[in-house]
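1. got a structure for you, letters missing:
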């Protein structure tokens, strides 16, 4: 009898913990994405929105309400969702769904570029797809736009099949390069939204001299062969009115993913020009970069030979604090 009571108590305790954790999560409604780029239909854009919503579900601090649920609520309350959805309509739906924020997005650019290099009698060409996704996050309580972000992604894949967390390019009805560019943009943008809303950022969760473990996996858009820059926050940057614009990136190294699991991935050093992987520490931030961006970082020689310091305060405040410590 006592054992049954104890088990019941443990069950209630665990259920309460889970309920409290769920209640502490930010409830974010993701509306149907729109196609505002030439050659991108609303159906394709909606699929991109689904990819984006699925990626956000990997967050430990965000509870995502996907568009199927929001569509059902809109239909039940006779709120029109055809065409461009206004912020006011999104706020109405969000209030009914119990959301704190509503996210509206659109694919605003999808293009393919071809570059060629000629060396004497020989020439090479490279096809690259570029995609841009815009999102804005509206506060349901105040109806104010809390966040407005735009991110571009690129891909020069030659394959015809692309898989991003179960979403193949057949479903997107796009070529492999184009689907890859969209996935790259969605991954970058998702990381930014997560950090801006909750402070949750992608990071190194285990560090070693030859291999590191990253906090992003298949659910966050990680793919074998993708490059990431590892960095810590540098000096804080302010605009003319004293508003913070964010921090500089103090680069440590660049790494390449070699294995992807559901919620994490493994990465290794690339070569001697991209920094020393042994300088990487647990908790360092990470961000995806393209081969072109990696080439630019290497050319600028940003990767240090010794561990960089993390700075979270602006220089004036740091100097003031140093002065007070001396006294």
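-> Thanks, I have it. Worth saying up front: this structure is predicted, and the values here are computed from it rather than measured.
2. tell me the SS of the spatially closest residue to residue 131 that is not a sequence neighbour?
-> Spatial nearest neighbour of residue 131, chain neighbours left out: residue 181 (3.9 Å); criterion: Cβ to Cβ, 6 or more residues apart in numbering. C-beta here means a position set from N, CA and C on the backbone, and glycine is covered the same way. For residue 181, the assignment made with DSSP: H, G, I helix; E, B strand; the rest coil gives helix.
3. so residue 181 makes contact with residue 154?
-> Yes - using Cβ atoms under 8 Å, residue 181 is in contact with residue 154, at 5.3 Å.
4. overlap of the contact sets of the two?
-> Common neighbours of residue 181 and residue 154, using Cβ atoms under 8 Å, 6 or more residues apart in numbering, are 129-131.
5. lowest pLDDT pick from the residues you listed?
-> Lowest pLDDT among the shared contacts of residue 181 and residue 154: residue 129, with 85.
6. still on that earlier bit, take the shared contacts of residue 181 and residue 154 and lay them out in CSV including neighbour count.
-> Listed next are the shared contacts of residue 181 and residue 154 as CSV, based on neighbours: other Cβ atoms under 10 Å:
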residue, neighbour count
129, 23
130, 20
131, 28
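7. who touches the residue nearest to residue 131 in this structure?
-> By Cβ under 8 Å, 6+ apart, the contact set of residue 181 is 110, 129-131, 153-155.
8. quick one: classify the residue nearest the centre of the chain as helix, strand or coil.
-> Nearest residue to the geometric centre of the chain (Cα atoms, centre = their mean): residue 191, 2.1 Å. At residue 191 the chain is in helix, as set by three-state DSSP.
9. got a list of contacts for the helix or strand that contains residue 94?
-> In this structure, residue 94 is located in helix 87-97 according to DSSP states H and E. Residues outside helix 87-97 that contact it (Cβ under 8 Å, 6+ apart) are 27, 29, 31, 65, 69-70, 73-74, 77, 79-81, 99-102, 104, 138, 140, 143, 145.
10. can you rerun that using 10 Å?
-> With contact meaning Cβ atoms under 10 Å, 6 or more residues apart in numbering, helix 87-97 is reached by 27-29, 31, 65, 69-74, 76-77, 79-81, 85-86, 99-104, 136, 138-145.
11. what does stretch 287-299 give?
-> Contacts for stretch 287-299 (Cβ under 10 Å, 6+ apart): 128, 130, 152-156, 181, 184, 187-188, 191-192, 195, 201-202, 216, 220-223, 225-231, 249, 251, 254, 256-257, 270-271, 273-275, 302-303.
12. show me which positions of stretch 272-279 end up buried.
-> 274-277, 279 (16 or more other Cβ atoms under 10 Å).
13. just stretch 53-67 next, same as before
-> In terms of neighbour count (16+ other Cβ under 10 Å), stretch 53-67 has its buried residues at 53-56, 58-59, 62-67.
14. ok, stretch 139-159 next?
-> In stretch 139-159, counting by 16+ other Cβ under 10 Å, buried: 139-140, 146, 150-157.
15. please identify which pair of the residues you listed lies farthest apart.
-> Within the buried residues of stretch 139-159, 140 and 156 form the most distant pair, 40.0 Å apart (Cβ to Cβ).
16. do you know the pLDDT at residue 104?
-> Per-residue pLDDT puts residue 104 at 94.
17. which residue is the nearest non-sequential neighbour of it?
-> Closest to residue 104 by Cβ to Cβ, 6+ apart is residue 31, at 4.9 Å.
18. kindly report the same for residue 275.
-> Closest to residue 275 by Cβ to Cβ, 6+ apart is residue 253, at 2.9 Å.
19. could you count how many residues lie near that neighbour?
-> Residue 253 has 23 neighbours, counted by other Cβ atoms under 10 Å.
20. same question, residue 293
-> For residue 293, using other Cβ under 10 Å, the count is 15.
21. strands - which of the contacts of helix 87-97 land there?
-> 27-29, 65, 101-104, 136, 138-139, 145 (DSSP state E).
22. show me how to select, in ChimeraX, the buried members of these.
-> Those of the ones in strands among the contacts of helix 87-97 that count as buried under 16+ other Cβ under 10 Å are selected in ChimeraX with:
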select :27,28,29,65,101,102,103,104,136,138,139
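23. please identify which of the ones in strands among the contacts of helix 87-97 is nearest to residue 38.
-> Of all those, residue 104 has the smallest distance to residue 38: 20.5 Å, by Cβ to Cβ.
24. residue 215 versus that closest one, what's the distance?
-> Going from residue 104 to residue 215 by Cβ to Cβ, to the nearest Å gives 27 Å.
25. picking up where we left off before, a markdown table for the buried residues of stretch 139-159, including distance to residue 44, pLDDT and secondary structure?
-> Converted to a markdown table, the buried residues of stretch 139-159 look like this (distance: Cβ to Cβ, whole Å; pLDDT from 0 to 100; DSSP: H, G, I helix; E, B strand; the rest coil):
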| residue | distance to residue 44 | pLDDT | secondary structure |
| --- | --- | --- | --- |
| 139 | 29 | 96 | strand |
| 140 | 28 | 96 | coil |
| 146 | 27 | 93 | strand |
| 150 | 18 | 94 | strand |
| 151 | 18 | 92 | strand |
| 152 | 17 | 91 | strand |
| 153 | 15 | 87 | strand |
| 154 | 18 | 84 | strand |
| 155 | 16 | 80 | strand |
| 156 | 20 | 75 | coil |
| 157 | 18 | 54 | coil |
